[in-house]
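Student: sharing a sequence plus its predicted fold:
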Amino acid sequence: MISIDHAIRTIKKHTHVLAQETIKPIEKANGYILSQTIYAPIDMPPFRQSAMDGYALRLHDALSYTLIGEVQAGDPKAFSLKKGEAVRIFTGAPVPDSANAVIMQERVKGNRLKIEIEGDVNEGDNVRPLGEQIKAGEIALQKGAQLNPAGIGYLLSLGIGHVSVYKKPSIAIVSTGNELVDPGTELVHGKIYESNSKMLLSALYSLKFYDVTLERVKDDFDETRKSLKQLISNNDMVIITGGISVGDYDFVGRALNELQVETLFYKVNQKPGKPLLYGKKEHTSIFALPGNPAAALTCFYLYVYIALSGMTNYTSDELPRVKSKSLSEFEKKADRPQFLKARYKNGEVEILDGQNSSMLQSFALANALVFMPEDLKIIKVGDSVETIVLPV
């Protein structure tokens, strides 16, 4: 049995960035990490642009201007204004090179031929300069940036329709157990509804990993070995829930051994989630998580998350840890380090009831895990505690 820190170091050491790929169209790249720095191919804006609806002016000393035309957004017209002349203009439209200010329409009175302005107007007012946001050749987004909807929109505004990114892993989730049945079917005595696989699938989806396969295997050695052999060959990561303990019908460890999976560690000194296995076979990472749902999800956030981040070259390879003020008391009964389901907000954290590794009810309300190291036995109200903030 190894320590939590040893387990984390081992995963980081044996996780390698996957290959690069090009995604086109770019709108499908949400959540991916850029594998190359992107430079702006154009100035943005690509012309002097009106910041509002109003009038573009060639300033002079009087408050009256002669109106000589109109410029709409997308209009290619090029007006040459003399001092004291103006054109009607709309937000986003190109400001004539001869105009040196835009005044909002609320400060203008007049007709189609003459306008009168109210108040002072300064040179450059309400004109977005050429290249105000970025100039051609400057860095638009650095290698290693994670794309989000705003970033995709930004690149599209520069005329960029595809990006080079780090490939996301293909993932298989395997749930084991004769007792498992699907929700919606009759629950006969001795059976339970299977939740782990789709719980983990949901967690992966929330992190924007979508290339996921689900597999169910019975408590049968040959079926377990055959299924795992195929899934390990065809995926970058295999996540197994259940069957990793040492019971008479726990066949996962034996099957992985026969398949010559290199076990990098088995069992971590923690609660919940002690019976955790991490291994590798060629390019594939294998995690065998405990069967208890809360333990499985805890191990996913603590360990699988690190491997996923490393494979995609994500800069933050662990979930954030913050110090927070405890609103609860808790006495640890076990000697092992423990992760407690909790609710975190504004620097304070409430430790929830129902810390059993089989209980998801409290986890459904949690957005954090409070870490109790081995030598900490009691948390009191007001104590500062280490808090792991979970993804939303």
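Tutor: Received the coordinates, thanks.
Student: drop to CA atoms for contacts and neighbour counts, all remaining ones
Tutor: Will do.
Student: next up, phi/psi of N196, please.
Tutor: Dihedral angles of N196 (phi, psi; degrees, to the nearest 10) stand at phi -60, psi -40.
Student: what do you get for T15?
Tutor: Note on T15: its backbone torsions stand at phi -100, psi 130 [degrees, to the nearest 10].
Student: and what of G243?
Tutor: According to degrees, to the nearest 10, G243 has phi 80, psi 10.
Student: who are the contact partners of it?
Tutor: T176, G177, D219, Y249, D250, F251, V252, G253, P290, G291 (Cα atoms under 8 Å, 6 or more residues apart in numbering).
Student: most neighbours among the residues you listed, which one?
Tutor: P290 (27 neighbours; other Cα atoms under 10 Å).
Student: wait, that one sits on Y278?
Tutor: No - with contacts counted by Cα atoms under 8 Å, P290 stays clear of Y278, the gap being 11.7 Å.
Student: hang on, the earlier thing: sort out for me which of the contacts of G243 are in strands.
Tutor: Residues of the contacts of G243 located in strands (DSSP state E): T176.
Student: for the contacts of G243, which one is nearest V212?
Tutor: The closest of the contacts of G243 to V212 turns out to be T176 (Cα to Cα; 16.9 Å).
Student: can you give me the pLDDT of the spatially closest residue to that closest one that is not a sequence neighbour?
Tutor: Spatial nearest neighbour of T176, chain neighbours left out: V217 (5.0 Å); criterion: Cα to Cα, 6 or more residues apart in numbering. pLDDT, V217: 92.
Student: residues touching V217, list them.
Tutor: Per Cα under 8 Å, 6+ apart, neighbours of V217: V174, S175, T176, G177, E223, T224, S227.
Student: so K226 lies in a strand, does it not?
Tutor: No - secondary structure of K226 (DSSP: H, G, I helix; E, B strand; the rest coil): helix, not part of a strand.
Student: which of the contacts of G243 fall in helices?
Tutor: Among those, DSSP state H puts V252, G253 in helices.
Student: how about the strands in the stretch 151-300 of the chain?
Tutor: For the stretch 151-300 of the chain, the strands defined by DSSP state E, counting those that start in this stretch occupy 163-166, 171-176, 180-181, 192-193, 212-217, 237-241, 262-266, 277-281, 284-289.
Student: what domains does the record give for this structure?
Tutor: When the chain is parsed with automatic domain parsing, its domains come out as 4-17+168-311, 20-43+132-166, 49-128, 321-389.
Student: off-centre distance for the third one?
Tutor: So that's domain 49-128. 44 Å (Cα atoms, centre = their mean, to the nearest Å).
Student: show me where pLDDT drops low in the stretch 201-350 of the chain?
Tutor: Residues of the stretch 201-350 of the chain meeting the criterion pLDDT under 70: 246-249.
Student: what about the residue of the chain positioned farthest from its centre, distance to R216?
Tutor: Each residue of the chain has a distance to the centre, and by Cα atoms, centre = their mean the biggest one is for A62: 55.7 Å. Going from A62 to R216 by Cα to Cα, to the nearest Å gives 81 Å.
Student: can you report how many residues lie near L340?
Tutor: Around L340 there are 29 residues (other Cα under 10 Å).
Student: S3 now?
Tutor: Around S3 there are 14 residues (other Cα under 10 Å).
Student: shift numbering so it begins at 543
Tutor: Got it, the first residue is 543 from now on, which makes the last one we talked about S545.
Student: so what touches stretch 646-660?
Tutor: M594, D595, G596, Y597, L605, S606, Y607, T608, L609, I610, G661.
Student: can we see that at 7 Å?
Tutor: M594, D595, G596, Y597, L605, S606, Y607, T608, L609 (Cα atoms under 7 Å, 6 or more residues apart in numbering).
Student: hang on, P691 packs against A571?
Tutor: No - between P691 and A571 there is no contact under Cα atoms under 7 Å: 9.0 Å.
Student: in terms of neighbours, single out the busier of these two.
Tutor: A571 (23 against 12).
Student: measure that one to S744 for me?
Tutor: If you go by Cα to Cα, the gap between A571 and S744 works out to 19 Å.
Student: let me have the strands of the stretch 693-842 of the chain in JSON lines, extended by distance to D917.
Tutor: Shown next, in JSON lines, are those (distance: least, Cα to Cα, whole Å):
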{"stretch": "strand 705-708", "distance to D917": "41"}
{"stretch": "strand 713-718", "distance to D917": "35"}
{"stretch": "strand 722-723", "distance to D917": "38"}
{"stretch": "strand 734-735", "distance to D917": "37"}
{"stretch": "strand 754-759", "distance to D917": "39"}
{"stretch": "strand 779-783", "distance to D917": "30"}
{"stretch": "strand 804-808", "distance to D917": "23"}
{"stretch": "strand 819-823", "distance to D917": "25"}
{"stretch": "strand 826-831", "distance to D917": "25"}
